[in-house]
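1. Provided below for reference: sequence and predicted model.
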Amino acid sequence: MITLSLIGIGTGNLDHVTLAAVRALNNADVILLPRKGEAKSDLLDLRRLLCERLLEAPVTTNIVEFDLPSRDGRNDYLGAVDDWHAAIASVWAQLIDQHLPNGGRVGMLVWGDPSLFDSSLRITQRLSAAGRAVEVEVVPGITSLQVLTAEHKIPLNVLAEPVQITTGRRLRERGWPSDAATVAVMLDSGGAFTTLPPEETYIWWGTYLGMEKQCLIKGWLDDVSDEIIQRRAELREQHGWIMDIYLLAKPEKKP
């Protein structure tokens with residue numbers, strides 16, 4: 001039997017890793033660390049640092065790094081993602097067979113929380129569907145959305161009103177969700193908020209949340225939209241990658 005622990009590690013900040021995550025990390029027989037290319041080497045370095053700092057025996061623990069398959073850029077987004085997940089599941093299966101042929105515990109470090117805009121659980125289901133005996137353990141983590149609201153010192157919701165969590169792609173395609181008072185946007189390739197009325201919409205934006213290079217901007221879109229787009233481009237050029245998130249609202253007066 002294989003136990004696959006999906007361990008939420010928050011934003012990579014050591015202070016955001018829970019005691020449950022530390023325990024799961026130390027219980028793992030093998031820890032799999034994905035390499036996402038040179039441009040995103042920071043993400044691998046942070047995972048390495050967490051292992052170094054949190055493992056009781058980091059030198060003797062079996063830490064296996066592997067190249068994460070890349071998703072093709074064809075127009076069929078859902079089809080491309082489906083093929084991508086299948087490729088990742090195949091790599092996971094090969095690594096598990098190689099390093100734990102007789103069973104054991106596998107640890108996977110997941111950014112944020114495995115249940116929020118992360119595909120690790122879906123990929124794990126493919127292992128079970130392929131006939132592998134896999135027991136899944138999910139260790140919750142602090143999400144970037146929680147860090148965003150904490151750093152801006154704001155509540156997520158308007159009193160007694162609903163919140164919509166969506167993607168930049170969906171915001172561009174469908175605009176403001178009709179029944180939401182606030183909208184949290186993740187996985188935006190850049191600037192989806194520019195499709196909204198700038199004089200009516202307030203934004204709390206953040207990137208590299210929880211890291212030393214964290215950057216925050218807030219304000220009415222007609223005041224800060226261009227600043228966010230410019231700063232985002234500068235930071236991506238500087239670091240080679242960027243993951244940002246923002247919360248939108250349509251308040252009657254400045255928050």
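-> Thanks, I have it. The model shown is predicted, which means the values in this text are computed figures rather than measured ones. Residues are numbered from 1 along each chain as shown.

2. all strands of this structure, in order?
-> 2-8, 30-35, 62-67, 104-110, 134-139, 163-167, 182-186, 202-207, 215-220, 244-249 (DSSP state E).

3. The last one - contacts with which helices or strands?
-> Of the remaining helices and strands, those touching strand 244-249 by 3 or more Cβ pairs under 8 Å, 6 or more residues apart in numbering; DSSP states H and E are helix 144-152, strand 182-186, strand 202-207. Backbone N, C-alpha and C define where each C-beta goes, glycine included.

4. Between those, which one is closest to P69.
-> Taking Cβ to Cβ, strand 182-186 is the member of the helices and strands packed on strand 244-249 nearest to P69, at 21.9 Å.

5. Could you take the strands of the chain and lay them out as a markdown table, with extra columns for mean pLDDT?
-> Below are the strands of the chain laid out as a markdown table (pLDDT from 0 to 100):
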| stretch | mean pLDDT |
| --- | --- |
| strand 2-8 | 96 |
| strand 30-35 | 94 |
| strand 62-67 | 93 |
| strand 104-110 | 95 |
| strand 134-139 | 95 |
| strand 163-167 | 96 |
| strand 182-186 | 97 |
| strand 202-207 | 98 |
| strand 215-220 | 98 |
| strand 244-249 | 97 |
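
6. Could you save those as TSV and add columns showing mean neighbour count and distance to H16?
-> Converted to TSV, the strands of the chain look like this (neighbours: other Cβ atoms under 10 Å; distance: least, Cβ to Cβ, whole Å):
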stretch	mean neighbour count	distance to H16
strand 2-8	23	9
strand 30-35	19	18
strand 62-67	14	21
strand 104-110	22	13
strand 134-139	17	13
strand 163-167	18	19
strand 182-186	22	17
strand 202-207	22	14
strand 215-220	16	16
strand 244-249	22	15
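
7. W92 is nearest to which of the ones you listed?
-> Taking Cβ to Cβ, strand 30-35 is the member of the strands of the chain nearest to W92, at 7.2 Å.
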